[in-house]
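Enquirer: Here you go, sequence then predicted model.
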Amino acid sequence: MTSKKVNLYIKRLDLIHPTAGGNKYFKLLYNLKEAEIRSHKTILTFGGAYSNHIYSTAAACQALGLRSIGIIRGEAGKQLSPTLEYAKECGMSLHYMDRETYRNKQQAEVVENLRRQFGSFYLIPEGGTNKLAIKGCMEILREEDHRMDYIGAAIGTGGTLTGLIASARASQTVLGISSLKGEFIHKEIACLLESHAIEPKAKYELFTDYHFGGYAKYKQELIEFMREFTDQNGIPLDPIYTGKLFYGIYDLIKKDYFHEHASILLIHSGGLQGIEGFNMRHQENLRSS
Ligand SMILES: *Cc1c(COP(=O)(O)O)cnc(C)c1O
């Protein structure tokens, strides 16, 4: 590879807390404050068996002395995933929901049934994206980050990217690398911005060619890139989000997307807890630290 003259910086959100770090810290911050203001003692949320959001919510609730309920998609496996094992250790009470009902979990009837079953709770949606999550993610960028020309982040539900777009300056461009397959994410981000009355000063661009087959899908090429990156820089990446983000940005650098001497800040949004489960499922041996 020929060398390119850009300056790459990494914001290590994975290091801000040993268990509740990453972008989920910012997404949960104001939601948990709101729960406290409204005197809720119980947080209920949703996720899959390997979900970073379930993991972080369980850890944060334990730290704050809140009761947590995790509604897990699908049926119980023979064995708990490492993620669910940890959530359970944190005191999260785990309940499985069949996939059909899970798809409809936003419907009032499903939520009412949950209230009948569990009593009163503060609900955080799957992936944690709502108004307060976006407000929290507007605090990811600090004063010193506003010197950067580009800010790159991975996209799942888009809440984190929306917060970044909302807080970036007019001189900056926010780059979103989608972890999911499909062009729907363009509409999704536009929708999140509009429904939260955000009029971005910054420019933004979304990339939908780095999903490697779809959400939680991967190819050996991604694994090889991640291994090489971690060996060279000592920074672990997760295969669901940050691996695809870094792969995508390196590809854009290769293709001369950036001007010479551009400064690029990549958000390491965490997700390293998922590596153990990923390695078990796929017989891989990615480093998680
Ligand atoms: C949840 C998550 C994301 C995606 O965040 P959204 O706000 O849902 O787009 C990105 N990276 C990691 C590591 C995550 O855990």
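Expert: Good, I have the coordinates. Model, not experiment: these values are computed from the prediction. Numbers count the residues shown, from 1 in each chain.
Enquirer: Now do the contacts for Asp14.
Expert: 21-22, 236, 268-272 (CB atoms under 8 Å, 6 or more residues apart in numbering). Every C-beta, even on glycine, is put in place using the N, C-alpha and C of the backbone.
Enquirer: Can you go through those and name the buried ones?
Expert: Buried members of those, counted by 16 or more other CB atoms under 10 Å: 21-22, 236, 268-272.
Enquirer: Return only those of those found close to the ligand.
Expert: Contacts with the ligand within the buried ones among the contacts of Asp14, counted by CB under 6 Å from any ligand atom: 22, 269-271.
Enquirer: would CSV of these with pLDDT be doable?
Expert: Output for these, formatted as CSV (pLDDT from 0 to 100):
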residue, pLDDT
Gly22, 97
Ser269, 98
Gly270, 98
Gly271, 97
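Enquirer: will you turn the residues you listed into CSV that also has secondary structure?
Expert: Shown next, in CSV, are these (DSSP: H, G, I helix; E, B strand; the rest coil):
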residue, secondary structure
Gly22, coil
Ser269, coil
Gly270, coil
Gly271, coil
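Enquirer: From those residues, pick the one nearest Tyr204.
Expert: Nearest to Tyr204 among these, counting by CB to CB, is Ser269 at 16.5 Å.
Enquirer: Leaving out sequence neighbours, find the closest residue to the closest one.
Expert: Nearest residue to Ser269, sequence neighbours excluded (CB to CB, 6 or more residues apart in numbering): Asn23, at 4.0 Å.
Enquirer: likewise His211?
Expert: Sequence neighbours aside, Lys181 is the residue nearest to His211 in space, at 4.7 Å (criterion: CB to CB, 6+ apart).
Enquirer: how near is that neighbour to Arg67?
Expert: 36 Å (CB to CB, to the nearest Å).
Enquirer: Same question for Thr162.
Expert: Counting by CB to CB, the gap from Thr162 to Arg67 is 29 Å.
Enquirer: The stretch 101-250 of the chain: helices as residue ranges?
Expert: Taking DSSP state H, counting those that start in this stretch as the test, the helices found in the stretch 101-250 of the chain are 108-118, 131-137, 159-167, 184-195, 220-233, 242-254.
Enquirer: Tell me the residues of the stretch 1-150 of the chain that contact the ligand?
Expert: Residues of the stretch 1-150 of the chain lying near the ligand (CB under 6 Å from any ligand atom): 22-24, 52-53, 127, 129.
Enquirer: Identify, from those, the entry nearest to the ligand.
Expert: Checking those against the ligand with CB to the nearest ligand atom, the nearest one is Asn52 at 3.4 Å.
Enquirer: Tally up the residues packed near the residue nearest to His211, please.
Expert: 15 (other CB atoms under 10 Å).
Enquirer: repeat for Leu141
Expert: With other CB under 10 Å as criterion, Leu141 counts 22.
Enquirer: Surely it and Ser167 touch.
Expert: Yes: Leu141 is within contact range of Ser167, at 5.1 Å (criterion: CB atoms under 8 Å).
Enquirer: ok, back up a step: distance to Pro82 for the ones next to the ligand among the buried ones among the contacts of Asp14 - can I get that in JSON lines?
Expert: Below are those laid out as JSON lines (distance: CB to CB, whole Å):
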{"residue": "Gly22", "distance to Pro82": "16"}
{"residue": "Ser269", "distance to Pro82": "19"}
{"residue": "Gly270", "distance to Pro82": "15"}
{"residue": "Gly271", "distance to Pro82": "13"}
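Enquirer: What residues sit buried inside stretch 17-28?
Expert: So for stretch 17-28, counting by 16+ other CB under 10 Å, buried means 17, 20-28.
Enquirer: Please apply the same query to stretch 37-45.
Expert: Buried, per 16+ other CB under 10 Å, within stretch 37-45: 40, 42-45.
Enquirer: Out of those, which is nearest to Glu109?
Expert: Leu44 (15.7 Å).
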